[in-house]
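A.B. asks: attaching a predicted model along with its sequence, questions to come.
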Amino acid sequence: MIPNDFITTLLGRVDIIDVIDRHVPLKKAGANYQACCPFHSEKTPSFTVSPTKQFYHCFGCGAHGNAVGFLMEYGGKSFPDAVDELARDAGLEVPRTVREGDRERHDDTADIAEALLAAAKFFRGTLKDASRAVDYLKGRGLTGEIAARFGIGYAPDAWQSLASVFPKYDDPVLVQAGLVVTGEGGKRYDRFRDRVMFPIHDTRGRVIGFGGRVLDQGEPKYLNSPETPLFSKGRELYGLFLARNAIRDAGRVVVVEGYMDVVALAQHGVEYAVATLGTATTPVHAQKLFRMADTVVFCFDGDAAGRKAAWRALENALPVLTDGKNARFLFLPDGEDPDDYVRKRGKAGFERALDAAMPLSEYLISALAIQHPPTDAEGRAALVAAAKPLVAQIAAPVLATLMRKELGAISGLSEGELAPLMTPPVAAEAPRAPTRPAAIRTNVRRAPSLARELIQALVLKPDLAREIELPRPADGTPEGEALTAVVDACAAPDGPETTEALMALFAGTDHAPALAAALASAQDQDLTPEQAIAQARDGTEKWWLEARLAGRARADQGPPVSAENANKLRQLEWVRSALPGSPFDPPEHSP
């Protein structure tokens, strides 16, 4: 683990302007610098870099972060690798502390990575003498150059061929790495035998697993490494490490189903393809892909299995879509996979097909229309009902609105009629006393808006959490969860002390968007730390008052109550005393 104080020191030594300008030419624009965003296509610059805050933010696609985050997003680097690169530039040595229990896990993964690398070298070396494997690859149209680029190898048809690589064949690491299987009676043998081997790399370029393709007729056709501390099928994509630069240049990425599809497309000049690893597209896959490209094209066979895989990809892409990002679907003719298609039609033919791929919105509605033909009132009602949970998952507000309009046109409902039908029902509130004005309750600050204010204050002044007792709302909202995580991190004795350190700490986590939005909002408002702190102190006090009224906090918890808020507390008590079942006694005097 890299200590937080080192991250603070490092970010203080490097200049984000220099870091980004090496990759994206920046131009001075007032106090800041600007460029066309490297993370999405645009003609007018909306990518802004602040030299004072050492932070970048794109007002078009929402990309944001510090120097570490930029290297992670733009270069596809892991957090440790990005820190290492910046440290080298700054002439610093990265200290690493290992917590109890982490050292063993680190040692285990290092041993597994070493074993996998040794196996990859062995498989690659045996390929040149395996005539059947070489003939198979040549028959698929591959050259020696492309096979070498992807590190393709061959696992010999022997039970213990890896014994020549690992003198200690009984080493537990070989089982942990998925290279060796222990059978009945404790006898060991190689997992991969008589197969063309495709090494799988992570974003750092390390070998983390293998896919083995059988040469003759056999089952399974493809055999993957098992889940290990280094390898998870639901998180990794074959070919992503090699394709990352081509994806950036093309502005799109193609997702196919097999290893050979990726390699064959690269052989024909389509170098921005990746493949899932024997599993459906997951939300993690989708998130990774949309971070690297504006357009993701899912390319599947046109049979039932291909359409099922496409539908799973659609479902998992919906929550991570943002306006400006596009998911498209290309279904190939029956009996053809991407390898067949590109060999017959070449790069130009394949890319024409990609250009004509079906947008997600069109695919979603057309697929539902096949199941629920909108030829009568019942069919249209069923179509709207089936679309409702899917549209509700779309995180992109403009796209979601356009989808609802499209459904309205199909169903014959106006937008006003359709909107309440597409909105999840809200539980009815308890009846209020009709004689009391509800306006008094609107003075109470609700947790989500308060959470935004507090996150904003903590981003500008992280050590605020060590000065006052801040709330940790358990309301289940993303903002509430983000606030709780940020308060916990900042309240720790060794917590971050600067904006840069806090952003680095949460870079790449689920809470990073909430922090970036708070910082961007503060920049837009020219909010000073003092203003944000004053706002947060007032909001925190109101939150504790509300918590006391709801019985979630004792009277002695939270900050001291100001006279103004004490009066509001009396008003709230009076209003609630009029409600049925109120635990409060009426005050002596009305407010």
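C.D. replies: Thanks, I have the structure now. This one's a predicted model, so the numbers in the text were calculated from it and none came from an experiment.
A.B. asks: what sits against residue 181?
C.D. replies: Contact partners of residue 181, counting by Cβ atoms under 8 Å, 6 or more residues apart in numbering, are 175, 188, 189, 190, 191. Placement of C-beta: from N, CA and C, glycine included.
A.B. asks: switch to 10 Å and redo it
C.D. replies: If you count contacts by Cβ atoms under 10 Å, 6 or more residues apart in numbering, residue 181 has them with 174, 175, 187, 188, 189, 190, 191, 192, 226.
A.B. asks: again, but for residue 253
C.D. replies: The neighbourhood of residue 253, defined by Cβ under 10 Å, 6+ apart, consists of 237, 239-240, 243-244, 246-247, 272-274, 288-290, 292-298.
A.B. asks: just checking, which of those belong to strands?
C.D. replies: 273, 274, 295, 296, 297, 298 (DSSP state E).
A.B. asks: put the buried members of the contacts of residue 253 into a PyMOL selection.
C.D. replies: Selecting only the buried entries of the contacts of residue 253 in PyMOL, with 16 or more other Cβ atoms under 10 Å as the criterion:
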select buried, resi 237+239+240+243+244+246+247+272+273+274+288+289+290+292+293+294+295+296+297+298
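A.B. asks: which residues does the spatially most central residue of the chain contact?
C.D. replies: Central residue check for the chain by Cα atoms, centre = their mean: the C-alpha nearest the mean position is that of residue 287, 3.7 Å away. With contacts defined as Cβ under 10 Å, 6+ apart, the neighbours of residue 287 are 235, 316, 317, 319, 320, 510.
A.B. asks: check those and tell me the two furthest apart.
C.D. replies: Largest separation among these by Cβ to Cβ: 317 and 510, giving 17.3 Å.
A.B. asks: flag the shaky bits of the stretch 351-500 of the chain, pLDDT-wise.
C.D. replies: Scanning the stretch 351-500 of the chain for pLDDT under 70 picks out the ranges 423-449, 474-476.
A.B. asks: all helices for it, in order.
C.D. replies: Counting by DSSP state H, counting those that start in this stretch, the segments of the stretch 351-500 of the chain that form helices are 360-371, 377-392, 397-411, 415-422, 447-460, 478-491, 499-506.
A.B. asks: re earlier: and of the contacts of residue 181, the nearest to residue 81?
C.D. replies: Proximity of the contacts of residue 181 to residue 81, judged by Cβ to Cβ, is greatest for residue 226, which lies at 25.9 Å.
A.B. asks: the closest residue to that closest one other than its chain neighbours: what's it in contact with?
C.D. replies: The shortest distance from residue 226 to any residue other than its chain neighbours is 4.6 Å, reached at residue 178 (Cβ to Cβ, 6 or more residues apart in numbering). Listed by Cβ under 10 Å, 6+ apart, the contact partners of residue 178 are 112, 115-116, 119, 191-192, 208-210, 224-228, 230-231.
A.B. asks: just the buried ones among those, please.
C.D. replies: Neighbour counting with 16+ other Cβ under 10 Å marks 112, 115-116, 119, 191-192, 208-210, 224-225, 228, 230-231 as buried within the contacts of residue 178.
A.B. asks: re the thing from before, for the residue nearest to residue 226, helix, strand, or coil?
C.D. replies: Secondary structure assignment for residue 178 (DSSP: H, G, I helix; E, B strand; the rest coil): coil.
A.B. asks: that one and residue 381: what is the separation?
C.D. replies: Remark: distance between residue 178 and residue 381 (Cβ to Cβ, to the nearest Å) = 50 Å.
A.B. asks: and if you look at residue 323?
C.D. replies: Noted for residue 323: a distance of 29 Å to residue 381, by Cβ to Cβ.
A.B. asks: also residue 350?
C.D. replies: 40 Å.
A.B. asks: which residue, other than its chain neighbours, is closest to residue 351?
C.D. replies: The shortest distance from residue 351 to any residue other than its chain neighbours is 7.0 Å, reached at residue 270 (Cβ to Cβ, 6+ apart).
A.B. asks: repeat that for residue 473.
C.D. replies: In space, and not counting its chain neighbours, residue 473 is closest to residue 480: 4.0 Å by Cβ to Cβ, 6+ apart.
A.B. asks: before we move on, what about residue 39?
C.D. replies: The shortest distance from residue 39 to any residue other than its chain neighbours is 4.4 Å, reached at residue 63 (Cβ to Cβ, 6+ apart).
A.B. asks: wait, that neighbour sits on residue 69?
C.D. replies: Yes. At 8.9 Å, residue 63 counts as touching residue 69 under the criterion of Cβ atoms under 10 Å.
A.B. asks: quick one: common contacting residues for those two?
C.D. replies: Counting by Cβ under 10 Å, 6+ apart, the shared contacts of residue 63 and residue 69 are 56, 516.
A.B. asks: need the longest helix for the protein.
C.D. replies: The helix spanning the most residues in the chain, taking DSSP state H as the definition, is helix 102-127.
A.B. asks: and that helix, what's buried?
C.D. replies: Of all the residues in helix 102-127, those buried under the rule 16+ other Cβ under 10 Å are 108-109, 111-113, 115-116, 118-120, 122-124, 126-127.
A.B. asks: okay, now the domains of the chain?
C.D. replies: As assigned by automatic domain parsing, the chain contains the domains 4-90, 102-224, 240-356, 365-422, 438-577.
A.B. asks: select from those domains the stretch with the lowest mean pLDDT.
C.D. replies: Ranked by mean pLDDT, the domains of the chain end with domain 438-577 at the bottom, a mean of 67.
A.B. asks: residues in contact with residue 460?
C.D. replies: Neighbours of residue 460 in contact, by Cβ under 10 Å, 6+ apart: 53, 498-499, 502, 518-519, 522, 527-533, 536.
A.B. asks: what segments of the stretch 1-150 of the chain are strands?
C.D. replies: Counting by DSSP state E, counting those that start in this stretch, the stretch 1-150 of the chain forms strands over residues 27-29, 32-35, 47-50, 55-58, 64-65, given from the N-terminal end onward.
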